[in-house]
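Student: This is a predicted model, with the sequence first.
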Amino acid sequence: MNKSLIKKILYILIIIAWMGVIFAFSSLNGEGSDDQSKGLARAVVETTVRDTSQARHY
């Protein structure tokens, strides 16, 4: 297989995966979406802020 075909297949797989992510997020109700957003925000803060006690808790 040449590199051009491999790139096309990779791009198609990425697009299909992104479509799945969008579909999964759109199926959540408000409470589920809120919980998921808070969990993601918490994970980002915990991995980027060295001392999480310095981060504001809302």
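Tutor: Alright, I've got the coordinates.

Student: Break down this protein into its helices, ranges please.
Tutor: 3-26, 30-48 (DSSP state H).

Student: relative orientation of the shortest one and helix 3-26 in degrees?
Tutor: Comparing the axes of helix 30-48 and helix 3-26 via axes from the mean of the first three to the mean of the last three CA atoms, to 10 degrees yields an angle of 120 degrees.

Student: Buried residues of helix 30-48, list them for me.
Tutor: Of the residues in helix 30-48, none count as buried by neighbour count, 16 or more other CB atoms under 10 Å. Quick note: C-beta positions are derived from backbone N, CA and C, even for glycine.

Student: The first one now?
Tutor: Along helix 3-26, not one residue counts as buried under the neighbour rule (16+ other CB under 10 Å).

Student: as a whole number, average confidence for it?
Tutor: Average pLDDT, helix 3-26: 91.

Student: what's next to it, contact-wise?
Tutor: Helix 3-26 is contacted by residues 33, 36 when judged by CB atoms under 8 Å, 6 or more residues apart in numbering.

Student: would you put the C-alpha positions of that helix in CSV?
Tutor: What follows is helix 3-26, C-alpha atoms only, in CSV (Å, rounded to 0.1, in the frame of the first residue of the first chain):
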residue,chain,number,x,y,z
LYS,A,3,1.4,6.3,1.7
SER,A,4,-1.5,8.2,0.1
LEU,A,5,-3.9,5.3,0.6
ILE,A,6,-2.7,4.8,4.2
LYS,A,7,-3.3,8.5,4.9
LYS,A,8,-6.8,8.3,3.4
ILE,A,9,-7.7,5.3,5.5
LEU,A,10,-6.4,6.9,8.6
TYR,A,11,-8.3,10.1,8.0
ILE,A,12,-11.5,8.1,7.4
LEU,A,13,-11.0,6.2,10.6
ILE,A,14,-10.4,9.4,12.6
ILE,A,15,-13.6,10.9,11.1
ILE,A,16,-15.6,7.9,12.0
ALA,A,17,-14.2,7.9,15.5
TRP,A,18,-15.1,11.6,15.9
MET,A,19,-18.6,10.9,14.7
GLY,A,20,-18.9,8.3,17.4
VAL,A,21,-17.7,10.7,20.0
ILE,A,22,-20.2,13.3,18.9
PHE,A,23,-23.0,10.8,18.9
ALA,A,24,-22.1,9.5,22.3
PHE,A,25,-22.1,13.0,23.8
SER,A,26,-25.4,14.0,22.1
